[in-house]
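In: build me a model:
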Amino acid sequence: MVYRVGDVLRISCPFTPTVAIGVDEAYVSVRWPWWEIDPDAEGSCWNGVVALGRADPDELYVTDPPALRLAPGDTCRVGIPARIIHVIEVHEYDPPQETGWLPRPGLSLLVLRAGEAPDAASEFQGTSIEPGGGVPFTLELLFRPYAFLKAGDDVADADGRAWRFDGPWTWTAYDSAGGVPAWPLTLLTGGVDPMAVATATATGSHEAEASRWRRAAGIQHETSPR
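Out: The predicted model follows:
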């Protein structure tokens with residue numbers, strides 16, 4: 001699957017046995033059951049352990065028993081209960097990224113949990129996951145804004161303005177006037193079905209599409225997607 005910014009996904013990961021290596025006030029460190037140490041890594045070194053926030057509400061991974069009840073040497077399980085996330089960044093690596101563990105990831109997604117709005121002013125936001133990076137995620141696409149367009153498509157809007165689609169929240173107006181396109185849209189160039197674009201935008205608006213995305217992502221208040 002090709003992932004995009006704006007995708008709303010359901011993620012889960014089977015709980016897998018492991019052991020708590022260390023515990024402090026903020027974190028529990030567990031032996032990571034899915035990766036191997038990369039013997040050929042030159043720029044980074046990994047010791048086989050991952051630290052999880054003990055009381056972090058945004059932590060994707062959880063332990064069973066809960067992290068607050070673990071002490072060093074305790075056996076436990078680690079995994080992800082089914083939950084909703086949404087994608088705010090997509091990064092591809094060619095060659096795959098050297099991380100210190102194997103397999104080296106060729107793709108990473110920066111995601112937020114349902115209900116958390118993107119904050120363009122925040123320097124650090126989100127959790128990185130690596131589909132195909134060794135952890136046995138299940139990822140199910142629940143909603144994709146502007147699913148009928150692909151990056152690089154050109155459209156004309158109801159006001160006769162031409163636009164390039166670079167993602168649901170990244171539109172470039174060829175007249176440089178800014179704003180967002182007025183529906184309905186007409187496909188000018190691109191690899192998708194012109195009738196699909198015309199049908200999907202016959203009613204509604206960009207604002208309505210953003211509202212649908214907010215509902216799918218569990219975001220209650222109006223915010224500017226990023």
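
In: roughly how far does the closest residue to D119 other than its chain neighbours sit from L112?
Out: Excluding its sequence neighbours, the residue lying closest to D119 (C-beta to C-beta, 6 or more residues apart in numbering) is Q125, at 5.7 Å. (C-beta placed from N, C-alpha, C; glycine too.) From Q125 across to L112, the span is 7 Å (C-beta to C-beta, to the nearest Å).

In: residues near the nearest residue to G43 once chain neighbours are set aside, how many?
Out: Using C-beta to C-beta, 6+ apart and skipping the chain neighbours, the partner closest in space to G43 is E98 (5.5 Å). E98 has 15 neighbours, counted by other C-beta atoms under 10 Å.

In: and the longest strand for the protein?
Out: Criterion DSSP state E: the longest strand present in the chain is strand 75-92.

In: I'd like the distance from that one to the chain centre, please.
Out: 9 Å (C-alpha atoms, centre = their mean, to the nearest Å).

In: beta partners for the residue nearest the centre of the chain?
Out: Nearest to the mean C-alpha position of the chain, by C-alpha atoms, centre = their mean, lies V87 at 2.6 Å. On the basis of DSSP bridges, V87 is bridged to V111.

In: go ahead and confirm it touches I11.
Out: No: V87 lies out of contact with I11 (C-beta atoms under 8 Å); the separation is 10.6 Å.

In: which residues are in contact with each of these two?
Out: Common contact partners of V87 and I11 (C-beta atoms under 8 Å, 6 or more residues apart in numbering): V111.

In: flag the shaky bits of this protein, pLDDT-wise.
Out: 221-226 (pLDDT under 70).

In: now the strands for it?
Out: In the chain, the strands defined using DSSP E lie at 8-23, 27-31, 36-37, 49-53, 62-64, 75-92, 101-102, 107-113, 127-129, 138-143, 154-156, 162-165, 171-173, 186-189.

In: ok, the nearest residue to T170 once chain neighbours are set aside to L52 distance?
Out: With sequence-adjacent residues excluded and distances taken as C-beta to C-beta, 6+ apart, T170 is closest to V5, at 7.7 Å. Remark: distance between V5 and L52 (C-beta to C-beta) = 26 Å.

In: just G132 next, same as before
Out: Counting by C-beta to C-beta, the separation of G132 from L52 is 22 Å.

In: can you check R104 too?
Out: Counting by C-beta to C-beta, the separation of R104 from L52 is 22 Å.

In: coming back round to it: of G132 and L52, who's got more company?
Out: Neighbours per residue, other C-beta under 10 Å: of G132 and L52, the larger number sits with L52, 20 against 12.

In: how far off strand 8-23 does the longest helix belonging to the chain point, in degrees?
Out: For the chain, the helix with the greatest residue count under DSSP state H is helix 206-216. Between helix 206-216 and strand 8-23, the angle comes out at 40 degrees (axes from the mean of the first three to the mean of the last three C-alpha atoms, to 10 degrees).

In: check which helices and strands helix 206-216 sits against.
Out: With contacts taken as 3 or more C-beta pairs under 8 Å, 6 or more residues apart in numbering; DSSP states H and E, helix 206-216 sits against strand 75-92, strand 138-143.

In: can you name the residues in contact with that helix?
Out: 6, 8, 84, 86, 142-143, 145-146, 168-169, 180-183, 220, 222-223, 225.

In: and if you look at stretch 149-157?
Out: Defining contact as C-beta under 8 Å, 6+ apart, one finds that stretch 149-157 is touched by 4, 162-167, 181-192, 197.
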